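K.L.:
what shape does this take:
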Amino acid sequence: MSKAKFLIGTMLGMGLTTTAAAQQAPTPAASQPAQTTTAEGPSNATNPATVTDVSPADIVVTAQKRSERLQEVPLAVSVVSGAALSTASRPSIETATLLVPALNFLKSGTTLNQTIFLRGVGTATFSIAGEPSVSTVVDGVVYARSGEAFTDLVDTDQMEVLRGPQGTLFGKNASAGVINITTKRPTATAGGSVEAGYFEGNEFRLRGTVNVPLGDQLLSRVTAFYGKYDGNIRNVTLGTDVNGYKRWGVRGQLLFQPRESTVRLLVIGDYYKNNDDCCAEVIGTYAPLTATLGGTNQLTGFSSTNPVFTVLPTPLGDKTRQVAQNLVTRTQERGWGLSAQVDVDVGTNTLTSITAYRDWNNTEIRDGDFLPRAYVGFNELHDRGPQQSTTLSQEIRLTSPGNQFFTYVLGGYFSRAKAERIFNREDIVCTAAAGAPTGVLIPCGGPNATPSTFPGATADFGSTFTNAAAFGQGVVNLTDAFRVVVGLRYTHDKLSVFHSRNTRLAGPGIQASFPVTTTGTGQPATQFRAKTSESNVSGKVAVQYDLTKDVMAYASYTRGYKGPAYNVFFNLNSTGTNVIDPETVNSYEAGLKNSLMNGRLVVNLTAFSAKYKNFQANNPDVVAGVVVTRFTNAGSVSTKGAELDLNFQPVRDLTFSGGLAYTKAQVEAFRLPPGALPSQVVPSGTRLGYAPKWKGSLSADYRVRDVGPVDIFLGASTSTQTKQLAQFSPDPVVRKIATIQGYSITNATIGIGGHMDEWRVTLLARNLFDKSYAAAIQSGGPAGAYRFQIPRDADRYIGVTGRFNFGGGR
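P.N.:
Sure thing, here's the model as predicted:
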């Protein structure tokens with residue numbers, strides 16, 4: 001019997017059930033005191049979401065800039081605990097997509113180009129002057145670029161996934177939703193923890209935390225982490241495994257809160273460095289064969305006749321695990337940040353200031369030809385693109401107490417985000433020599449090829465986003481049961497961009513009609529500068545009514561906004577220099593929040609409908625006869641559907657959680673970009689990318705106490721989804737091939753630990769039934785082939801983790 005079969009039999013035989021996805025009360029011995037940021041500022045109060053004695057109905061969130069019970073908040077929120085993330089393959093937003101049905105993720109070659117989607121809406125773009133539609137906020141600090149959020153989440157206490165437009169309180173780049181992350185705070189008890197894990201594939205993770213009171217009024221907490229992984233894809237050209245990582249970092253906090261003072265100060269600093277050889281794209285499918293049947297192109301099969309496929313591993317669709325590339329695609333990343341939150345009691349109100357600075361450097365290194373070398377007709381294309389980014393932000397808000405007729409949050413926000421990228425592309429080009437054989441693949445540098453040429457290009461481009469806003473939201477408690485919520489935000493955006501390119505390359509996107517200057521080497525350099533500004537008023541109106549003390553109904557209208565953009569990237573040409581108008585959305589939502597069985601069962605239901613105007617998206621375009629992508633206003637799209645969130649604690653040590661989402665996200669009216677061909681229209685009714693119609697998750701967690709000297713911990717989780725479109729294209733053949741078929745992933749854990757949770761050892765199995773799937777499928781491979789992204793969790797693997805707590809460690 002194989003070890004996998006033995007593991008499955010052991011776990012299922014013990015009646016295993018899952019790790020909770022929605023954060024709720026673990027058992028007392030496993031509870032970990034956590035600080036929450038209340039309307040009165042940071043405190044050492046225990047977070048009810050992590051305490052066993054508090055029912056699922058008392059989970060606390062900060063979705064409205066104050067601490068409130070989830071069941072009292074009139075919007076759809078999914079909550080994921082730090083414990084649930086820590087038992088996943090990696091504690092990251094990507095992992096959270098298996099726990100939150102409304103959340104999806106576009107995996108790309110580097111973190112620069114990855115995207116978060118909520119309810120089928122997100123912004124996928126290569127442009128340095130485009131912003132995400134889903135905002136990521138960590139400890140009150142907005143991350144200006146989505147790529148910054150894709151590193152490991154460190155010392156996480158809770159992740160709140162707010163669905164639908166959230167710009168009223170969270171800002172302009174939240175037109176589709178917000179990922180609101182809070183980390184664990186220092187406590188008054190000295191202690192710490194050490195955790196290590198080893199997984200198949202030579203993956204190792206180590207994390208340590210120390211919590212040190214520096215006095216009665218000053219508390220500190222420091223967490224350091226390290227991780228490495230060889231990878232799940234074999235590069236047969238170089239003889240190495242790729243799609244792995246090496247990461248380390250540190251995060252520290254100081255909390256100053258004098259007992260008799262009205263001022264509290266929280267300072268947070270973090271530094272991390274990542275060196276990932278991720279993510280190589282495998283060639284999963286040959287070029288399609290089409291036939292004209294009844295005047296319509298029909299997909300009939302796949303061609304492998306082109307000789308280029310003789311040097312590539314056999315394509316096996318999403319089961320392909322090999323590449324043949326002479327450059328390792330990878331991301332080199334370094335980031336650090338510093339924030340200071342000051343809370344001052346002003347009468348019965350709280351004045352909060354959050355000042356933050358973040359520095360993020362990301363270098364993309366990419367094999368863009370997907371081949372082991374240059375051949376006649378198949379140029380070698382290697383890219384290197386370092387990007388330097390900084391963000392300075394300041395938020396000030398005044399928060400009233402929550403127990404009065406009119407409660408409010410008033411505030412102002414300012415941010416300045418600068419980014420510059422120097423992108424270098426190197427080619428090797430050759431042609432067939434006289435008398436060279438035909439029908440075979442001819443390597444450049446060989447006797448049958450002409451001498452190679454080495455054209456290259458370097459582009460220097462960047463953007464500066466300046467945002468200033470004033471916002472407010474108030475709740476009128478008309479009766480004990482009936483409340484009205486009104487919010488407004490005024491936003492003023494300024495955006496400036498520049499682009500210059502020095503090139504000897506020929507091809508689409510190189511020739512440009514904007515002004516040309518001459519460099520010192522005599523080579524032509526195209527230059528472009530532009531700026532724009534925009535003002536907007538957005539907001540929300542909601543009503544909520546307590547049908548009973550345990551059932552609350554609400555309905556809301558929200559007007560969302562995302563600022564202007566430009567399509568600034570390496571291949572910028574004159575057709576892409578127009579300003580991209582702001583994206584706006586009108587969203588309607590109705591929900592029913594139910595707390596049953598004395599709060600042990602929570603069932604929340606939501607229905608939603610939203611329509612986006614001037615939707616910002618990467619769209620197919622044709623330049624010089626070649627299909628490329630262009631960031632444009634793609635017209636209007638809509639998303640509508642229904643969601644269910646479940647959290648059930650039938651007895652003290654058994655918890656269930658899960659969710660179900662039905663989403664219909666589609667094109668309403670596509671708008672052709674300037675100069676594009678009519679054939680590039682995406683038909684109305686086409687589904688948006690990364691928006692499965694159905695997606696659900698179910699998880700559970702069970703603790704068996706006092707089994708001799710130990711407690712036993714059992715868990716399992718399942719996530720399932722229907723098919724989803726991976727490439728937004730006008731071509732039905734491309735859409736058909738670039739469709740990720742539906743799949744289900746089941747994970748399981750079994751562990752033993754001390755009665756007081758002073759130690760724990762856990763055996764984990766990821767993708768228990770070994771279901772292979774692709775995280776992304778794109779056209780553009782050699783000779784019309786399709787490229788697949790294969791994530792770590794597309795294969796079954798097992799691992800073991802151990803954790804030791806000392807003192808007041810958690």
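K.L.:
is the residue nearest in space to the middle of the chain in a bridge, and if so with what?
P.N.:
With distances taken as C-alpha atoms, centre = their mean, the residue of the chain nearest its centroid is residue 116 (4.1 Å). Following DSSP bridges, residue 116 is listed with bridge partners residue 105.
K.L.:
repeat that for residue 689.
P.N.:
Here residue 689 sits in beta bridges with residue 725, as judged by DSSP bridges.
K.L.:
residues in contact with it?
P.N.:
106, 117, 124, 724-728 (C-beta atoms under 8 Å, 6 or more residues apart in numbering). The C-beta positions use only the backbone N, C-alpha and C, and glycine is treated the same way.
K.L.:
all helices for the stretch 101-250 of the chain, in order.
P.N.:
167-170 (DSSP state H, counting those that start in this stretch).
K.L.:
so where's it uncertain?
P.N.:
Judged by pLDDT under 70, the stretch 101-250 of the chain has no weakly predicted residues.
K.L.:
could you look up the SS state of residue 802?
P.N.:
Following DSSP: H, G, I helix; E, B strand; the rest coil, we place residue 802 in the strand state.
K.L.:
ok, back up a step: quick one: which of the contacts of residue 689 is most hemmed in?
P.N.:
Sorting these by how many neighbours each has (other C-beta atoms under 10 Å) puts residue 117 first, at 28 neighbours.
K.L.:
returning to what we had before: ok, the residue nearest to the centre of the chain to residue 161 distance?
P.N.:
10 Å (C-beta to C-beta, to the nearest Å).
K.L.:
what residues are shared contacts of the two?
P.N.:
Counting by C-beta under 8 Å, 6+ apart, the common neighbours of residue 116 and residue 161 are 103, 179.
K.L.:
buried sites along the helix or strand hosting residue 389?
P.N.:
Take DSSP states H and E as the rule and residue 389 turns out to sit in strand 380-399. Buried residues in strand 380-399, counted by 16 or more other C-beta atoms under 10 Å: 380-385, 387-389, 391, 393, 395, 397-399.
K.L.:
follow-up on the earlier one: which residues are in contact with the residue nearest to the centre of the chain?
P.N.:
Contacts of residue 116 by C-beta under 8 Å, 6+ apart are 93, 103-106, 122, 132, 134, 136, 146, 149, 179.
K.L.:
rerun at 10 Å
P.N.:
Contacts for residue 116 (C-beta atoms under 10 Å, 6 or more residues apart in numbering) come out as 93-94, 96-97, 103-106, 122-124, 132-136, 146, 149-150, 161, 176-177, 179, 690.
K.L.:
among the residues you listed, which are in strands?
P.N.:
103-106, 134-136, 161, 177, 179 (DSSP state E).
K.L.:
list buried residues within the residues you listed.
P.N.:
103-106, 134-136, 161, 177, 179.
K.L.:
roughly how far apart are the spatially closest residue to residue 332 that is not a sequence neighbour and residue 111?
P.N.:
Nearest residue to residue 332, sequence neighbours excluded (C-beta to C-beta, 6 or more residues apart in numbering): residue 363, at 4.3 Å. Residue 363 sits 11 Å away from residue 111 when distances are taken as C-beta to C-beta.
K.L.:
again, but for residue 132
P.N.:
Using C-beta to C-beta, we find residue 132 at a distance of 12 Å from residue 111.
K.L.:
again with residue 205
P.N.:
Residue 205 is 19 Å from residue 111, by C-beta to C-beta.
K.L.:
same thing with residue 146?
P.N.:
Per C-beta to C-beta, residue 146 is found 9 Å from residue 111.
K.L.:
before we move on, the earlier item: report the two of the buried residues of strand 380-399 separated the most.
P.N.:
380 and 398 (58.9 Å; C-beta to C-beta).
K.L.:
got the CA positions of stretch 578-595 in CSV?
P.N.:
Output of stretch 578-595 as CSV, limited to C-alpha atoms (Å, rounded to 0.1, in the frame of the first residue of the first chain):
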residue,chain,number,x,y,z
ASN,A,578,-5.2,57.9,-24.6
VAL,A,579,-6.3,58.4,-21.0
ILE,A,580,-8.4,55.5,-19.6
ASP,A,581,-11.6,57.0,-18.0
PRO,A,582,-12.5,56.2,-14.4
GLU,A,583,-14.4,53.0,-13.7
THR,A,584,-17.7,53.4,-11.9
VAL,A,585,-20.2,50.9,-10.5
ASN,A,586,-23.8,51.0,-9.3
SER,A,587,-24.3,48.1,-6.9
TYR,A,588,-27.4,46.8,-5.1
GLU,A,589,-27.3,44.2,-2.3
ALA,A,590,-29.8,42.6,0.1
GLY,A,591,-29.0,40.3,2.9
LEU,A,592,-30.4,38.3,5.8
LYS,A,593,-28.1,37.6,8.7
ASN,A,594,-29.4,34.8,11.0
SER,A,595,-28.0,33.7,14.4
